[in-house]
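Trainee: Predicted structure and sequence below. I'll ask about it afterward.
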Amino acid sequence: MNCEWVKDNAFLYAYDELPDDQRFEFEQHVNRCAACAEEVKALKGLREVMSAAPMMEPSPSFLAESRMKLQEQLEIAQQERGWKRWFFDPFAMLSSMKFSPALAAVILMVGFAGGAGVAYKIAQKPIDKNGPPQPTTAASVDASISGISEIQQDPNTNKVTIKYNTLTPQTAEGDLNDARIQQLLLYAARNSANTGVRLNSVGLASKQTNDSKVRDALKASLRYDPNPGVRLKALEALGPYVKEDATVRDVVLEVLLHDNNGGVRSLAMQTLQPVAADSNVRMELQYLAANDKDVAIKRQAKAITATLPEID
């Protein structure tokens, strides 16, 4: 036992936290080493001074937060210790099995057999470069696409060309009614960082509003797209369904109340005018007519509510 180990464990000894077997060796060293004895004496003096001060009770929230942080750090430390050990010392697992050679041999044999089997299957599987492409689902489209860079439509037909990126740029061509083209358009409406691409995708998707998935995508664009031009185009596409689809009506009403663009709010109010007699719509229009901070919206709401019949 050396002085460095004693100094590292002096706090534990001073606070009676050192295990009994180590405590005996610790005391034996301190009795022989004047420097370590002085270190321990100073720590015991510090403990006496600290114990004389009043003890403050930590709040329950502080204790809970501290325990959570400690648990997180312990988990991180355990994970790092695990993967670093096997990554930097790949033979550590074998050395840990030195007392179980039979188990080590079995694991090595199983691993070798599994690798050989996989290699055999890959070697035996024929590669048909000219075969038909595998069907693409919506999930596989979303998982493999990193972005859509361009959307173009032939003005004389329904043919659409979409350029998108995976690991390398890709291009898909097909009719507007093709399932893959529709999936790419919906993906672009939700995920593209390019405003022009989102605008084109929403404009083309608006031609397929009878599809519930397309309508859901348009409602999402109307509520969440950061560009007011995209929101306006989505609102125009959803307008014809405000009477028959209560979910569309609710989204348009939400946009009227909370959108930060006056033009979008104004179009939302025009879109809701055919259903202004609906109790929810009427109530919100009356509120805007009396309280809205936007003078134009306030005036527009007053004009619409003035045309509504009185409620008996």
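Mentor: Sure, I can see it.
Trainee: how close does Glu254 get to Leu272?
Mentor: Distance, Glu254 to Leu272, by CB to CB, to the nearest Å: 11 Å. Yep, even glycine has a C-beta here, placed from its N, CA and C like the rest.
Trainee: Tell me which of these two has more neighbours.
Mentor: The residue with more neighbours, out of Glu254 and Leu272, is Leu272; 23 against 15, by other CB atoms under 10 Å.
Trainee: How about the secondary structure of that one?
Mentor: Taking DSSP: H, G, I helix; E, B strand; the rest coil as the rule, one finds Leu272 in the helix state.
Trainee: give the contact list for the residue nearest to it when sequence neighbours are not counted.
Mentor: Spatially, and ignoring its direct neighbours in sequence, Leu272 is nearest to Val281 (5.4 Å; CB to CB, 6 or more residues apart in numbering). Residues near Val281 by CB atoms under 8 Å, 6 or more residues apart in numbering: 249, 253, 272, 275.
Trainee: what separates the first one from Phe24, distance-wise?
Mentor: Taken as CB to CB, the spacing of Arg249 relative to Phe24 amounts to 81 Å.
Trainee: The two: which is more packed in?
Mentor: Arg249 (20 against 11).
Trainee: show me the contacts for that one.
Mentor: By CB under 8 Å, 6+ apart, the contact list for Arg249 reads 242-243, 272, 275, 278, 281.
Trainee: and if you look at Val230?
Mentor: Neighbours of Val230 in contact, by CB under 8 Å, 6+ apart: 195, 198-199, 202, 221.
Trainee: do Val202 as well
Mentor: Val202 touches 189, 218, 221, 230, 233-234, 237, counting by CB under 8 Å, 6+ apart.
Trainee: so which strand or helix has Asp250?
Mentor: Using DSSP states H and E, Asp250 maps to helix 246-258.
Trainee: what about the closest residue in space to Arg23 that isn't next to it in sequence, neighbour count?
Mentor: The shortest distance from Arg23 to any residue other than its chain neighbours is 6.7 Å, reached at Tyr13 (CB to CB, 6+ apart). The tally of other residues near Tyr13 (other CB under 10 Å) stands at 19.
Trainee: Looks to me like Tyr13 is in a strand.
Mentor: No: per three-state DSSP, Tyr13 lies outside any strand segment and is helix.
Trainee: That one reaches Phe26, doesn't it?
Mentor: Yes: using CB atoms under 8 Å, Tyr13 is in contact with Phe26, at 5.5 Å.
Trainee: How about Ala296, nearest residue that isn't a chain neighbour?
Mentor: Nearest in space to Ala296, with sequence neighbours left out and distances taken as CB to CB, 6+ apart, is Gly262 at 6.4 Å.
Trainee: I meant to write Asn31 there.
Mentor: The spatial neighbour of Asn31 that comes closest, neighbours along the chain excluded (CB to CB, 6+ apart), is Ala37 at 7.4 Å.
Trainee: In a helix, the one you found, correct?
Mentor: Yes: counting by three-state DSSP, Ala37 falls inside a helix.
Trainee: unless I'm mixing things up, it is touching His29, no?
Mentor: No: look at Ala37 against His29 with CB under 8 Å: they stay out of range, at 9.1 Å.
Trainee: Show me which parts of stretch 247-259 are buried, residue by residue.
Mentor: Under the neighbour-count criterion of 16 or more other CB atoms under 10 Å, stretch 247-259 has 248-249, 251-253, 255-256, 259 buried.
Trainee: wait, which of those residues is closest to Lys41?
Mentor: Of all those, Lys41 sits closest to Asp259, with 72.7 Å by CB to CB.
Trainee: Next up, the contacts around that closest one.
Mentor: 231, 265, 268.
Trainee: If we use 7 Å, what do you get?
Mentor: Neighbour list for Asp259: 265, 268 [criterion: CB atoms under 7 Å, 6 or more residues apart in numbering].
Trainee: so how far is Ala268 from it?
Mentor: On the measure of CB to CB, Asp259 and Ala268 end up 7 Å apart.
Trainee: Also Gln22?
Mentor: For Gln22 relative to Ala268 (CB to CB), the value is 75 Å.
Trainee: which of those two has more neighbours?
Mentor: Ala268 (26 against 14).
Trainee: Now the two most distant members of the contacts of Val281.
Mentor: Every pair of the contacts of Val281 checked by CB to CB; the farthest is Leu253 and Val275, at 9.3 Å.
Trainee: Can you pull out the low-pLDDT segments for the chain?
Mentor: Low-confidence segments of the chain (pLDDT under 70): 1, 53-69, 71-147, 166-169, 176, 182, 186, 188-193, 209, 311-312.
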